[in-house]
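Undergrad: heads up, no residue letters with this:
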């Protein structure tokens, strides 16, 4: 909604890394939250972009004997596969931007500024700009109120990842 209101054409992408429960939930979120209002149109033609092989390639490359890092390495592998594919799709379609919902307050290592800055640099090296419209939002209630005031549902049917978890402080 923030990107749309700022004048961007928004196209949803759902990535399939092979480790998600309830693969249909992102589509339900799209239908129930973003596809009801005639004032908004969001394309969802990329509803199941397969990144399984790319995820496994990254995971095998980054793999460590340190078991305490396994969750972070899995998240890094998955996120890098998503960014790689999103940049590829953007270049193929002539898009200038990719965006994602990273939030520093969620405490995922991959959503912290050092990593986000590097991903922005990576995207920029390919002529793509990474947008993070909710990066500094630390209050879920603000996001809920923002959606509700736009006439959208605040319920999410987000699928749950079986391999990720927040980083420890």
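TA: Yep, that arrived. Worth saying up front: this structure is predicted, and the values here are computed from it rather than measured.
Undergrad: can you give me the helices in this protein?
TA: For the chain, the helices defined by DSSP state H occupy 2-5, 25-29, 52-62, 70-93, 113-125, 140-149.
Undergrad: shaky segments in this protein?
TA: Flagging of the chain using pLDDT under 70 yields the residue ranges 20-42, 153, 155-169.
Undergrad: the longest strand in it is where?
TA: strand 43-50 (DSSP state E).
Undergrad: the inter-axis angle of that one versus helix 70-93?
TA: Compare the direction of strand 43-50 with that of helix 70-93 by axes from the mean of the first three to the mean of the last three Cα atoms, to 10 degrees and you get 130 degrees.
Undergrad: still on that earlier bit, Throw the helices of the chain into a markdown table and include distance to residue 106 and mean neighbour count, thanks.
TA: Backbone N, C-alpha and C define where each C-beta goes, glycine included. Output for the helices of the chain, formatted as a markdown table (distance: least, Cβ to Cβ, whole Å; neighbours: other Cβ atoms under 10 Å):
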| stretch | distance to residue 106 | mean neighbour count |
| --- | --- | --- |
| helix 2-5 | 17 | 14 |
| helix 25-29 | 17 | 18 |
| helix 52-62 | 20 | 15 |
| helix 70-93 | 11 | 18 |
| helix 113-125 | 12 | 13 |
| helix 140-149 | 10 | 12 |
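Undergrad: for stretch 6-17, buried residues please.
TA: Within stretch 6-17, the residues scored as buried using 16 or more other Cβ atoms under 10 Å are 10-17.
Undergrad: show the end-to-end separation of that stretch, please.
TA: Start-to-end span of stretch 6-17 (Cα to Cα, to the nearest Å) is 30 Å.
Undergrad: surely residue 82 touches residue 46?
TA: No. Counting by Cβ atoms under 8 Å, residue 46 is not a contact partner of residue 82; they are 11.6 Å apart.
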